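Engineer: pasting the sequence and the predicted model now:
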Amino acid sequence: MLPNLGLLMANLILPDSNVYIGAVRAGVDPFQRFAVGIEDRDWEFATCGMVILEVCRGLRDPNLLKRFRERFAVMIFLPTTNQIWERSAQLAWSLDRQGRVLPAQDLLIAACALQAGATVLTSDAHFHTIPGLRVIETLE
(Lines give C-alpha, C1' and ligand atoms only; values in the text may rest on other atoms or scores of the structure.)
Protein backbone atom coordinates (compact mmCIF):
# COMPACT_ATOMS: atom_id res chain seq x y z
CA MET A 1 0.00 0.00 0.00
CA LEU A 2 1.22 3.48 -0.88
CA PRO A 3 2.07 5.55 2.20
CA ASN A 4 0.41 8.91 2.56
CA LEU A 5 3.30 10.94 1.19
CA GLY A 6 1.43 14.15 1.94
CA LEU A 7 2.08 13.55 5.62
CA LEU A 8 5.79 13.02 4.98
CA MET A 9 6.36 16.12 2.86
CA ALA A 10 4.82 19.50 3.46
CA ASN A 11 4.03 20.21 -0.20
CA LEU A 12 3.93 17.28 -2.59
CA ILE A 13 3.01 18.60 -6.03
CA LEU A 14 1.79 16.48 -8.93
CA PRO A 15 2.04 18.54 -12.13
CA ASP A 16 -0.66 17.64 -14.63
CA SER A 17 0.27 16.77 -18.20
CA ASN A 18 -0.83 20.18 -19.45
CA VAL A 19 1.93 21.85 -17.41
CA TYR A 20 4.60 19.94 -19.32
CA ILE A 21 2.87 20.21 -22.68
CA GLY A 22 2.33 23.96 -22.31
CA ALA A 23 5.95 24.48 -21.32
CA VAL A 24 7.25 22.51 -24.32
CA ARG A 25 5.00 24.49 -26.67
CA ALA A 26 6.34 27.72 -25.15
CA GLY A 27 9.95 26.54 -25.53
CA VAL A 28 10.46 26.39 -21.76
CA ASP A 29 11.95 23.56 -19.71
CA PRO A 30 9.27 22.71 -17.12
CA PHE A 31 11.81 21.00 -14.87
CA GLN A 32 13.82 24.22 -14.63
CA ARG A 33 10.62 26.05 -13.68
CA PHE A 34 10.09 23.54 -10.86
CA ALA A 35 13.63 24.12 -9.58
CA VAL A 36 13.26 27.92 -9.32
CA GLY A 37 12.92 28.81 -5.66
CA ILE A 38 12.71 25.21 -4.51
CA GLU A 39 15.39 25.82 -1.87
CA ASP A 40 13.13 28.42 -0.24
CA ARG A 41 10.08 26.16 -0.24
CA ASP A 42 9.33 22.73 1.15
CA TRP A 43 8.28 21.29 -2.22
CA GLU A 44 8.66 17.83 -3.64
CA PHE A 45 7.47 16.98 -7.14
CA ALA A 46 5.80 13.73 -8.06
CA THR A 47 4.53 12.10 -11.21
CA CYS A 48 2.40 9.13 -12.14
CA GLY A 49 2.15 6.78 -15.08
CA MET A 50 -0.72 8.63 -16.73
CA VAL A 51 1.16 11.94 -16.72
CA ILE A 52 4.25 10.25 -18.17
CA LEU A 53 2.15 8.54 -20.86
CA GLU A 54 0.31 11.72 -21.88
CA VAL A 55 3.47 13.84 -21.97
CA CYS A 56 5.86 11.38 -23.63
CA ARG A 57 3.47 10.33 -26.38
CA GLY A 58 3.39 13.89 -27.68
CA LEU A 59 7.13 14.55 -27.72
CA ARG A 60 8.36 14.36 -31.29
CA ASP A 61 12.07 14.98 -30.69
CA PRO A 62 13.82 11.78 -29.50
CA ASN A 63 16.39 13.83 -27.55
CA LEU A 64 13.65 15.72 -25.72
CA LEU A 65 11.86 12.44 -25.02
CA LYS A 66 15.07 10.99 -23.55
CA ARG A 67 15.56 14.07 -21.35
CA PHE A 68 11.97 13.95 -20.08
CA ARG A 69 12.20 10.24 -19.31
CA GLU A 70 15.43 10.81 -17.37
CA ARG A 71 13.82 13.56 -15.32
CA PHE A 72 10.63 11.62 -14.69
CA ALA A 73 12.79 8.71 -13.50
CA VAL A 74 14.17 10.72 -10.57
CA MET A 75 10.84 12.17 -9.45
CA ILE A 76 8.70 10.61 -6.76
CA PHE A 77 6.56 8.08 -8.61
CA LEU A 78 2.97 7.54 -7.49
CA PRO A 79 2.04 4.01 -8.60
CA THR A 80 -1.36 3.20 -10.01
CA THR A 81 -2.55 0.55 -7.60
CA ASN A 82 -5.88 -1.28 -7.56
CA GLN A 83 -6.93 1.16 -4.85
CA ILE A 84 -6.21 4.09 -7.21
CA TRP A 85 -8.26 2.48 -9.99
CA GLU A 86 -11.14 1.91 -7.57
CA ARG A 87 -10.95 5.51 -6.36
CA SER A 88 -10.91 6.74 -9.99
CA ALA A 89 -13.98 4.65 -10.81
CA GLN A 90 -15.80 5.94 -7.73
CA LEU A 91 -14.92 9.55 -8.61
CA ALA A 92 -16.15 9.01 -12.18
CA TRP A 93 -19.40 7.46 -11.02
CA SER A 94 -20.08 10.14 -8.43
CA LEU A 95 -19.19 13.11 -10.64
CA ASP A 96 -21.08 11.68 -13.63
CA ARG A 97 -24.24 11.50 -11.47
CA GLN A 98 -23.79 15.22 -10.78
CA GLY A 99 -23.51 15.98 -14.49
CA ARG A 100 -19.76 16.61 -14.31
CA VAL A 101 -18.18 14.21 -16.80
CA LEU A 102 -14.39 14.50 -16.65
CA PRO A 103 -11.81 12.73 -18.82
CA ALA A 104 -10.83 9.35 -17.37
CA GLN A 105 -7.14 10.21 -17.46
CA ASP A 106 -7.74 13.31 -15.33
CA LEU A 107 -9.74 11.28 -12.82
CA LEU A 108 -6.84 8.84 -12.59
CA ILE A 109 -4.35 11.69 -12.01
CA ALA A 110 -6.67 13.15 -9.37
CA ALA A 111 -7.01 9.78 -7.61
CA CYS A 112 -3.21 9.45 -7.49
CA ALA A 113 -2.94 12.92 -5.97
CA LEU A 114 -5.71 12.30 -3.45
CA GLN A 115 -4.15 9.01 -2.34
CA ALA A 116 -0.75 10.63 -1.82
CA GLY A 117 -2.05 13.86 -0.28
CA ALA A 118 -0.57 15.80 -3.21
CA THR A 119 -1.64 19.06 -4.77
CA VAL A 120 -2.27 19.03 -8.53
CA LEU A 121 -0.57 21.80 -10.51
CA THR A 122 -2.75 22.35 -13.58
CA SER A 123 -4.43 24.84 -15.86
CA ASP A 124 -7.48 22.58 -16.33
CA ALA A 125 -10.36 24.15 -14.42
CA HIS A 126 -12.31 20.90 -14.09
CA PHE A 127 -9.82 19.60 -11.50
CA HIS A 128 -11.37 22.17 -9.14
CA THR A 129 -14.64 20.19 -9.25
CA ILE A 130 -13.10 17.09 -7.67
CA PRO A 131 -14.03 16.90 -3.98
CA GLY A 132 -11.10 17.08 -1.57
CA LEU A 133 -8.49 17.68 -4.26
CA ARG A 134 -6.05 20.53 -3.69
CA VAL A 135 -5.37 22.36 -6.96
CA ILE A 136 -3.02 25.20 -7.85
CA GLU A 137 -2.53 26.88 -11.20
CA THR A 138 0.91 28.35 -10.60
CA LEU A 139 3.90 27.83 -8.34
CA GLU A 140 4.08 31.52 -7.38
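Structural biologist: Yep, that arrived. What you see is a predicted model, and the numbers here were worked out from it, not measured in a lab.
Engineer: now for residue 43: which residues touch it?
Structural biologist: Residue 43 is in contact with 10-13, 34, 139, counting by CB atoms under 8 Å, 6 or more residues apart in numbering. Where C-beta positions appear, they are placed from N, C-alpha and C, glycine not excepted.
Engineer: and the strands in this structure?
Structural biologist: Applying DSSP state E to the chain gives strands spanning 11-15, 43-48, 76-78, 119-121, 134-136.
Engineer: any chance of these in a markdown table, plus distance to residue 90?
Structural biologist: Converted to a markdown table, those look like this (distance: least, CB to CB, whole Å):
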| stretch | distance to residue 90 |
| --- | --- |
| strand 11-15 | 19 |
| strand 43-48 | 18 |
| strand 76-78 | 18 |
| strand 119-121 | 18 |
| strand 134-136 | 19 |
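Engineer: using a markdown table, lay out the contacts of residue 43 together with distance to residue 129, neighbour count and pLDDT.
Structural biologist: Listed next are these as a markdown table, based on distance: CB to CB, whole Å; neighbours: other CB atoms under 10 Å; pLDDT from 0 to 100:
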| residue | distance to residue 129 | neighbour count | pLDDT |
| --- | --- | --- | --- |
| 10 | 26 | 10 | 56 |
| 11 | 22 | 16 | 88 |
| 12 | 21 | 23 | 94 |
| 13 | 20 | 21 | 96 |
| 34 | 25 | 19 | 86 |
| 139 | 22 | 17 | 86 |
